[in-house]
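1. just a sequence and a predicted model for now, questions to come.
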Amino acid sequence: MRHLWSGIALLAAGVCVIVLLSLLQPTRPEHSRTDKVSLFVPIRSERLVDEGVVDLIDPLPLVNDLSRVRWEPGILGVDLAVAPGAKGSESLLGDIYELSRASFERVNNVRQLLVRIYVPEGEGRVLLASADLRASDWPVINESMQSQGPLASDFHLNWTTAGRAWLANLAF
């Protein structure tokens, strides 16, 4: 009987200790769900996947027409067709800027953006220029765009012979 009473006393002492410890917790200020705790900086987690390519490209204010969009993991390829009313290379550079901004700011898994620019000719099309942009190029391109506007050299544009002739015809 003595063991029974000592077991009950030990159990009662344990319960009392647990209750007392729960009452002695240090008081912390309560944060509401709307309070922001700036301990961590959120990391962008939006990733481009096959189904999300349309969601990335569709809302962009592009002047020229999209001919084709291809997504391979890490590489986004876009073919643009020069719109009939497009004036000069400014609209092309603006479209390339919008595509690169969406590719390198809105999602975090595009390492390379390939842009090809075509002009429709009869039943086919003629390649005017191509651009090969890397994610590491984006800070320089964005800074240049903010300070002095779009420059073809920032976008690493490679003009074909037909593209140089097209530009020369627009100059007149």
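-> Arrived safely. Since this is a predicted model, take the numbers as computed values, not measurements.

2. burial of residue 112, as a residue count?
-> A count of neighbours around residue 112, defined by other Cβ atoms under 10 Å, yields 17. (Each C-beta comes from the backbone N, C-alpha and C, glycine too.)

3. tally of neighbours for the closest residue to it other than its chain neighbours?
-> Using Cβ to Cβ, 6 or more residues apart in numbering and skipping the chain neighbours, the partner closest in space to residue 112 is residue 75 (4.7 Å). Residue 75 is flanked by 12 other residues according to other Cβ under 10 Å.

4. against which helices or strands is the helix or strand hosting residue 164 packed?
-> Residue 164 belongs to helix 161-171 when assigned by DSSP states H and E. When contacts are defined as 3 or more Cβ pairs under 8 Å, 6 or more residues apart in numbering; DSSP states H and E, helix 161-171 packs onto strand 112-121, strand 124-134.

5. residue 117 and residue 95, how far apart?
-> With distances taken as Cβ to Cβ, to the nearest Å, residue 117 is found 9 Å from residue 95.

6. if we can go back for a sec, any chance of the helices and strands packed on helix 161-171 in TSV, plus mean pLDDT and distance to residue 6?
-> TSV is the format used below for those (pLDDT from 0 to 100; distance: least, Cβ to Cβ, whole Å):
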stretch	mean pLDDT	distance to residue 6
strand 112-121	91	75
strand 124-134	91	75
